[in-house]
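Enquirer: based on what follows, work out the 3D shape:
(chains A, B and C)
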Amino acid sequence: MKYNGQTVDLPPEAEEVAGFYGAMIDTEHAKDATFNKNFFDDFLKILKKYPPKNGVKITKFELCDFRSMFDHFEAEKTKKKSMTSAEKKTAKAAKDALEAPYTHCTLDGRKEKVGNFRVEPPGLFRGRGDHPKKGALKLRVRPEDITINIGKDVPIPTPNVPGTWKEVVNDNTVTWLANWVENVNGNYKYVFLAAGSSIKGQSDWTKFEKARELKKYVDQIRNDYNDALRNKNMGERQRATAMYFIDKLALRAGNEKGDDEADTVGCCSLRCEHVTLEPPNKLVFDFLGKDSIRYYNEVAVDEQVYKNIRIFKNGKNPEDELFDRVNTGALNRHLASYMKGLTAKVFRTYNASLTFQDLLDRGTPEKGTVQEKLNAYNHANRMVAILCNHQRAVPKTHEQSMGKMRDKLRGLKYERMKLRHALFAIDAKYKKDKRYKEPESDLDDDAIATHEDNLKAKELEKAEKKFQKDNEKAAEDGKEPQDESVLKEKLKEIEADYKRLKKERGTEKHVLKREKPTEKIEEAIDKLEEKIKTFKLQMEDREAGKEVALGTSKINYLDPRITVAWCKEHGVPVERLFSKTLMTKFPWAMEVDMDWKF
DNA sequence: TCCCATGACTCAGAAACCTGTAC
DNA sequence: CGTACAGGTTTCTGAGTCATGGG
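Expert: Next up is the predicted model:
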């Protein structure tokens, strides 16, 4: 790196930290003031211990230049990319062989896959949202930091780097294999078994069975909280209102958070500023939830809920707690009084899976194609993801791919228009036919001209390419190449075709290249009509789903047995919906029969 | 008895990686 | 038939939930 234009000769310990930042100068993190401050504070501490060997004094972040480090990492990436596939394969095999001893463990005599067997490498803490500690240096973890949890009387594994374990315990009441305390927030980090392990599978099954059990109690719970919405005791009334939100809106419980964390909220920790009243009965929620993801929802609510929120907000400041007499502990204890193990998060699982089952039952076309059924499935999946507010960043290529789709749609409409005009040219009576009246609204003369230009350009290019290829082939076969005039003739033909099309513009008449009887044209229009319709739907779907993440609900909230049973009932291969990892995550769900319901 | 820190687990989106497909 | 790249899959680790236990 450079400082104030001067090259800095850093010892490896300091160079590593500078490199962590250098690799990130092109990211959003490097534009964040908190991130930069935290990084630089920690960098200075490291520099104090490992000062530049050439005596440069680093004191100001603004004078640091990490560009050369960034370029270095980019070059490394490019080098890696440019390896031949054979080289990549060898490199991967070598890495796999090195890691093979650590990927599995023995649990009760069975071989089980370990999830995160690599310890987290050092780096800069990538806190989400306005995390006050983002950018802080996350230290390298050494054996001395790690506690391992193994069976009694089994040999103690040797660390793969020099050092000795912090501690070796034999605790069979927990599922972790190793843990350490991370230095930035003081949180525990664990090595667990993989998602497909027996332990995780068992726990997943329990989770969904618990959610199903809620079905037996949910009516009573709803009756009770609806009554309690009017309770004279404000604590009870607040709790009932909170339960209403957790149940109807699938909000998270909302534990209290500290000052050293990002300011995010859930149900119990909502502040007055997060909910506004919109007469006569609408509430507008606007707050940052888990991962600092915005929750925005305008929703019509029960009249009494609306009144309650007005009462709870009365006389309070925006930054005051909306439910000042409710906390997650008390709420969960209340829920547990209905059913053993019932907590706020069970409602999310319950409502997600039940909604999904219901949408599938009502929305799957019995006689549709597999694709149509898959569309119904994805739609149901999306509705659940929206309910749970599972978001993603809009894909970088979204606008581009929408543009391409719009072009394609215009192309289809153009084709349909030409077919209609062909009918009109044959018999003017078709103009009166309702079916062919609909004008292509987004196909004005300009659009048509552009489209035809594009088509022409493509055809010309294609013709040239074909000509070249034919000649190459001829040369290979030892034949004479075609004369240049053949190509010229062809190009001329194309030009003439488009000249004709240009003349047709505005006449509502078209002569097909190959003559067709009117029935055939009508048939073709119908087919095209269908194609346009489904394509439009596809476009709308893509636009509506650009910010919705489907994976989270599929992995965590939707009982996999719903999917398996649905697949069996509708003859859809499960592999179309579950990736390899999901297949290994849900082996316990695969045997249900087709009429299983959540 | 309550409250609050601790600990262990699930759930979350981004980034890295891989793969199928359109050209 | 190779290649580029878009979109799907897997990995990574941060951010929640919630039970427990000790003061």
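Enquirer: and the gap between whichever residue of the stretch 401-550 of chain A sits closest to DNA strand C and residue A:533?
Expert: Using Cβ to the nearest atom of the strand, residue A:401 is the residue of the stretch 401-550 of chain A that sits closest to DNA strand C, at 3.8 Å. For glycine as for every other residue, the C-beta is placed from the backbone atoms N, C-alpha and C. Distance of residue A:401 to residue A:533, given as Cβ to Cβ, to the nearest Å: 20 Å.
Enquirer: those two: which has the busier surroundings?
Expert: Set residue A:401 next to residue A:533 and count neighbours by other Cβ atoms under 10 Å: residue A:401 wins out with 13 against 10.
Enquirer: please name the residues that touch the more buried one.
Expert: residue A:542 (Cβ atoms under 8 Å, 6 or more residues apart in numbering).
Enquirer: identify the residues contacting stretch A:111-126?
Expert: A:16, A:20-21, A:24, A:29, A:35, A:38-39, A:99, A:102-106, A:131, A:133-141, A:146, A:177, A:180, A:182, A:184-185, A:189, A:191-199.
Enquirer: so which of these reach DNA strand C?
Expert: For DNA strand C, the contacts drawn from these by Cβ under 7 Å from any atom of the strand are A:131, A:138, A:182, A:185.
Enquirer: where does the closest residue to the third one other than its chain neighbours sit, in terms of helix or strand?
Expert: Closest residue to residue A:182 apart from its sequence neighbours, by Cβ to Cβ, 6 or more residues apart in numbering: residue A:189 at 5.2 Å. Assigned by DSSP states H and E, residue A:189 belongs to strand A:188-191.
Enquirer: run the contact check for stretch A:557-570 versus DNA strand C.
Expert: No. In terms of Cβ under 7 Å from any atom of the strand, no part of stretch A:557-570 sits within range of DNA strand C; the closest distance is 12.9 Å.
Enquirer: pLDDT below threshold where in chain A?
Expert: For chain A, applying pLDDT under 70 flags the ranges A:438-441, A:462, A:465-466, A:469-470, A:472-473, A:475-477.
Enquirer: so does stretch A:586-598 get close to DNA strand C?
Expert: No. Residues of stretch A:586-598 are not located near DNA strand C by Cβ under 7 Å from any atom of the strand, the shortest gap being 11.8 Å.
Enquirer: what's that stretch in contact with?
Expert: By Cβ under 8 Å, 6+ apart, the list of residues contacting stretch A:586-598 reads A:196, A:201-202, A:204-205, A:208, A:212, A:353-354, A:356-357, A:559-565, A:568-569, A:574, A:578, A:583.
Enquirer: from those residues, keep the buried residues only.
Expert: A:196, A:201, A:204-205, A:208, A:212, A:353-354, A:356-357, A:559-565, A:568-569, A:574, A:578, A:583 (16 or more other Cβ atoms under 10 Å).
Enquirer: also within reach of DNA strand B: list those from these.
Expert: Checking the buried ones among the contacts of stretch A:586-598 against DNA strand B (Cβ under 7 Å from any atom of the strand), the matches are residue A:204.
Enquirer: can you flag which of the buried ones among the contacts of stretch A:586-598 belong to strands?
Expert: Using DSSP state E, no member of the buried ones among the contacts of stretch A:586-598 falls within strands.
Enquirer: count the neighbours of residue A:519 for me.
Expert: Neighbour tally, residue A:519, other Cβ under 10 Å: 8.
Enquirer: so it belongs to a helix, correct?
Expert: Yes. Under DSSP: H, G, I helix; E, B strand; the rest coil, residue A:519 falls within a helix.
Enquirer: any idea how far the residue in chain A sticking out farthest from the centre is from residue A:468?
Expert: Relative to the centre of chain A, the most outlying C-alpha is that of residue A:480, 57.0 Å out, by Cα atoms, centre = their mean. Separation of residue A:480 from residue A:468 (Cβ to Cβ) stands at 15 Å.
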